[in-house]
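>>> Predicted coordinates and the sequence they were generated for:
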Amino acid sequence: MNKQLMRGSHVIAEAATRAGCRFYAGYPITPQNELPEYMSARFADLPDATFIQAESELAAINMVMGASMTGVRAMTSSSSPGISLKQEGISYMAGMELPAVVANIMRGGPGLGNIAPTQQDYFQATRGGGHGGYRTIVLAPCSGQELVTLTMKAFDLADTYRMPVILLGDGLMGQMMEPVSFPDPIDPADLPKKEWVLSGARGRDSRLIASLQLDPVKMEERNWKLVRKYDTISQHETDFESYLLDDAQLVIVAFGTAARIAKGAVNRVRGEGLPAGLFRPITLWPFPANPLRSLAASIKQILVFEMNTGQMIEDVKMSVGDISPVHFHGRPGGVIPTPVEVAEVITGLMR
Amino acid sequence: MSTTKTIFSGFGGQGVLMMGYVLATSAMHENKHVTYLPAYGAEVRGGTANCTITISDDPIASPVASFPDYGVLMNTPSLTKFEGSIRAGGLVFLNDDLVDVRPSRTDIEVVNIPVNTIADGLGSLRSANMVMIGAFVKKTGLVALETVINSVKDIFAAKGADIHERNTAAIREGAAFIEKPIHG
């Protein structure tokens, strides 16, 4: 298919549709309103698809929960404060082992904050976000084309592991247009059959999907079962990008929009003969700890760069221990740092 | 050309975002790396609108322009807002009919184009943005004029042949102004 120039939030919506998503519920919030806008028009042409502008974020996430129980690929999207409101439902879905895709187009916080792009929800996304101690897979795209691949992958992962998957973008990813191309759409009828769905019990035993479990021993076992699933995911699903790491002495670790800027900074300092490289986690949970730890042994220092006050740096430090010194540069609040600024930080550390 | 950043700015309704979209689409059709970043905020009818287009031979790190190479400024508030940030040696395109001040800087080149007058002469004031994009592309050579005309045809395909002819005429008239400026 030919390339087309598309806004990030539209790209997510189109990619979700092509992944076989046929249920969307959401509630408006900037800077992701173009996503439901696109979905409403796109789903209008699909007889088997349902779009609902819900009365609240809580309603939206619970509609997604109900839809997911019936087996349909379901998603919602929001931006930081709205994602906070959805955490109860996400926790329930983690407990019920229900697949869903939740796109968070992050904005400034805490609280109502502002509508500018940030990465201030890293903790919330990678630590489960809601109550009860669970995980969600977290994917961090950094380009329009990666919005296509990771949105589609999010639905596969959600179904494979029966859990919510967070697509973690920011206001810039959501608003920016880039050329993208899409793979052919998947027909939902061709997706693997789900044997656990609530589809009417005529002719078979009834099924129960619930997060409530009053027996502590059974609840304990459910928790350990989730942990075994999370361990499997950690072993098989970590993903990252390496850029100019072979001879690097300083490695900058950054994700999403910050990683784009960091790559520009790496190119700049390379032009001055400084051997810097980029390590870009694509899965934020599971975090690519092992490859980063291996890398740390062969370099002199690490610079973590985030559009927040320092969140992923905790995972970086847990990964590398004291093998390598870890520095930090952060710009919270919606400030979009420049490659020049980050290059200056790298230069300062390397000279 | 390695990387070039352009800011388009004006008030809502002048087709400022469309100019940026046309340029970005044209760059895509010429297989360049390109990003289009609209300013987004609390929407106000008749408020200001601007967007930043980055075009490069290489993957683009940041779609933001701290010091744009080019400014296409369709009204006076846009000049006030962006004059200071244009790169030294950069180029600003002013809508001569609506911008009633001139840059105080002497280290930037200024191109004054009466796009409203030209568009009015062609029979549609609404084509002023197409006049401007024609002039902009002719002057900068960022993309080929024919690519722009074809992109605009695609973008407005649903609006019919009349619109395409009007847009094409406006783009060519803007380009012609750069070749033979008429100061009035």
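Alright, I've got the coordinates.
>>> host element of A:R280?
Using DSSP states H and E, A:R280 maps to strand A:276-281.
>>> what are the ranges of the strands in chain A?
A:4-7, A:21-26, A:50-53, A:73-78, A:100-106, A:137-139, A:164-170, A:177-180, A:240-243, A:250-253, A:276-281, A:283-285, A:301-306, A:326-330 (DSSP state E).
>>> measure the single nearest residue of chain B relative to chain A to A:R293 for me?
Using CB to the nearest CB, B:A61 is the residue of chain B that sits closest to chain A, at 2.4 Å. C-beta coordinates here come from the backbone N, C-alpha and C atoms, glycine included. Distance of B:A61 to A:R293, computed by CB to CB, to the nearest Å: 27 Å.
>>> more crowded one of these two?
Remark: of B:A61 and A:R293, B:A61 carries more neighbours, 23 against 16, as counted by other CB atoms under 10 Å in any protein chain shown.
>>> Can you tell me the SS state at that one?
coil (DSSP: H, G, I helix; E, B strand; the rest coil).
>>> Does the strand holding A:R280 reach chain B?
No - Strand A:276-281 does not reach chain B (CB under 8 Å from any CB of the partner chain); its nearest approach is 10.6 Å.
>>> Can you get me the centre-to-centre distance for that strand and its chain?
For strand A:276-281, the separation from the chain centroid amounts to 18 Å (computed by CA atoms, centre = their mean, to the nearest Å).
>>> helix/strand/coil for B:F93?
strand.
>>> returning to what we had before: mind putting the strands of chain A into a markdown table with mean pLDDT?
Formatted as a markdown table, those follow (pLDDT from 0 to 100):
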| stretch | mean pLDDT |
| --- | --- |
| strand A:4-7 | 97 |
| strand A:21-26 | 98 |
| strand A:50-53 | 98 |
| strand A:73-78 | 98 |
| strand A:100-106 | 98 |
| strand A:137-139 | 98 |
| strand A:164-170 | 98 |
| strand A:177-180 | 98 |
| strand A:240-243 | 98 |
| strand A:250-253 | 98 |
| strand A:276-281 | 98 |
| strand A:283-285 | 98 |
| strand A:301-306 | 98 |
| strand A:326-330 | 98 |
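>>> Kindly reformat those strands as a markdown table containing mean neighbour count.
Listed next are the strands of chain A as a markdown table, based on neighbours: other CB atoms under 10 Å in any protein chain shown:
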| stretch | mean neighbour count |
| --- | --- |
| strand A:4-7 | 22 |
| strand A:21-26 | 26 |
| strand A:50-53 | 16 |
| strand A:73-78 | 28 |
| strand A:100-106 | 30 |
| strand A:137-139 | 28 |
| strand A:164-170 | 30 |
| strand A:177-180 | 25 |
| strand A:240-243 | 16 |
| strand A:250-253 | 27 |
| strand A:276-281 | 25 |
| strand A:283-285 | 24 |
| strand A:301-306 | 24 |
| strand A:326-330 | 19 |
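>>> Which part of chain A gets nearest to chain B, residue-wise?
Relative to chain B, the nearest point of chain A is A:G264 (2.4 Å; CB to the nearest CB).
>>> mind listing the helices for chain B?
Applying DSSP state H to chain B gives helices spanning B:16-29, B:76-82, B:115-121, B:128-140, B:145-155, B:161-179.
>>> Among those, show me which one is buried the most.
Among the helices of chain B, ranked by average contacts under mean count of other CB atoms under 10 Å in any protein chain shown, first place goes to helix B:128-140 (a mean of 26).
>>> What is the neighbour count of the nearest residue to B:G89 once chain neighbours are set aside?
Excluding the flanking residues, the one nearest B:G89 by CB to CB, 6 or more residues apart in numbering or on different chains is B:D107, at 6.5 Å. Close neighbours of B:D107, defined as other CB under 10 Å, add up to 10.
>>> and if you look at A:G89?
A:G89 - counted by other CB under 10 Å - has 24 other residues nearby.
>>> So for it, what's the pLDDT?
pLDDT for A:G89: 98.
>>> what do you get for the one 5 residues further on?
Confidence at A:A94, expressed as pLDDT, is 98.
>>> can you pull the contacts of it?
By CB atoms under 8 Å, 6 or more residues apart in numbering or on different chains, the residues touching A:A94 are A:128, A:130, A:132, A:134-136, A:163-164, A:226.
>>> can you tell me how far it sits from A:A100?
If you measure A:A94 against A:A100 using CB to CB, the figure is 10 Å.
>>> Give the residues shared as contacts by those two.
Taking CB under 8 Å, 6+ apart as the contact rule, the neighbours common to A:A94 and A:A100 are A:P164.
>>> From the chain's centroid, how far away is stretch B:131-148?
Relative to its parent chain, stretch B:131-148 has a centroid offset of 9 Å by CA atoms, centre = their mean.
>>> Make a markdown table from the strands of chain A and add distance to B:A175 to it.
Below are those laid out as a markdown table (distance: least, CB to CB, whole Å):
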| stretch | distance to B:A175 |
| --- | --- |
| strand A:4-7 | 22 |
| strand A:21-26 | 44 |
| strand A:50-53 | 44 |
| strand A:73-78 | 42 |
| strand A:100-106 | 39 |
| strand A:137-139 | 45 |
| strand A:164-170 | 38 |
| strand A:177-180 | 25 |
| strand A:240-243 | 40 |
| strand A:250-253 | 44 |
| strand A:276-281 | 41 |
| strand A:283-285 | 48 |
| strand A:301-306 | 43 |
| strand A:326-330 | 45 |
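>>> which residues does residue 79 contact?
By default, I'm working from chain A. A:S79 sits in contact with A:29-32, A:104-107, A:115, A:171, A:174, where contact means CB under 8 Å, 6+ apart.
>>> Sorry, I should have been clearer: chain B.
By CB under 8 Å, 6+ apart, the residues touching B:L79 are B:71, B:73, B:92, B:94, B:99, B:101, B:103.
>>> and the residue nearest to the residue of chain A closest to chain B when sequence neighbours are not counted, what is it in contact with?
Nearest non-adjacent residue to A:G264, counting by CB to CB, 6+ apart: B:A61, 2.4 Å away. The contact partners of B:A61, by CB under 8 Å, 6+ apart, come to A:260-261, A:263-265, A:267, A:339.
>>> confidence score at B:A61?
93.
>>> For it, what are phi and psi?
When read as degrees, to the nearest 10, the backbone of B:A61 gives phi -70, psi -60.
>>> Residues of the stretch 251-351 of chain A that sit close to chain B?
The stretch 251-351 of chain A comes close to chain B at residues A:260-261, A:263-265, A:267, A:336, A:338-340, as judged by CB under 8 Å from any CB.
>>> so what's A:V251 up against?
For A:V251, the contact set (CB under 8 Å, 6+ apart) comprises A:245, A:276-279, A:295-296, A:299, A:301-303.
>>> let's go with 7 Å and repeat that
By CB atoms under 7 Å, 6 or more residues apart in numbering or on different chains, A:V251 lies in contact with A:245, A:277, A:279, A:295, A:299, A:302.
>>> Give me the neighbour count for residue 12.
In the absence of a named chain, chain A is used. So A:I12, with other CB under 10 Å, has 32 neighbours.
>>> switch to chain B, that's the one I care about
Other residues near B:G12 number 14, with proximity taken as other CB under 10 Å.
>>> same deal with A:Q119?
Neighbourhood size, A:Q119 [other CB under 10 Å]: 26.
>>> Would you check that it makes contact with A:E306?
Yes - under the criterion of CB atoms under 7 Å, A:Q119 makes contact with A:E306 at 5.3 Å.
>>> so what's in contact with the two at the same time?
By CB under 7 Å, 6+ apart, the residues touching both A:Q119 and A:E306 are A:A258.
>>> list the contacts for the closest residue to A:S234 other than its chain neighbours?
Spatially, and ignoring its direct neighbours in sequence, A:S234 is nearest to A:P286 (4.1 Å; CB to CB, 6+ apart). By CB under 7 Å, 6+ apart, the contact list for A:P286 reads A:233-234, A:237-238.
>>> so how far is A:L157 from A:P286?
Taken as CB to CB, the span from A:P286 to A:L157 is 11 Å.
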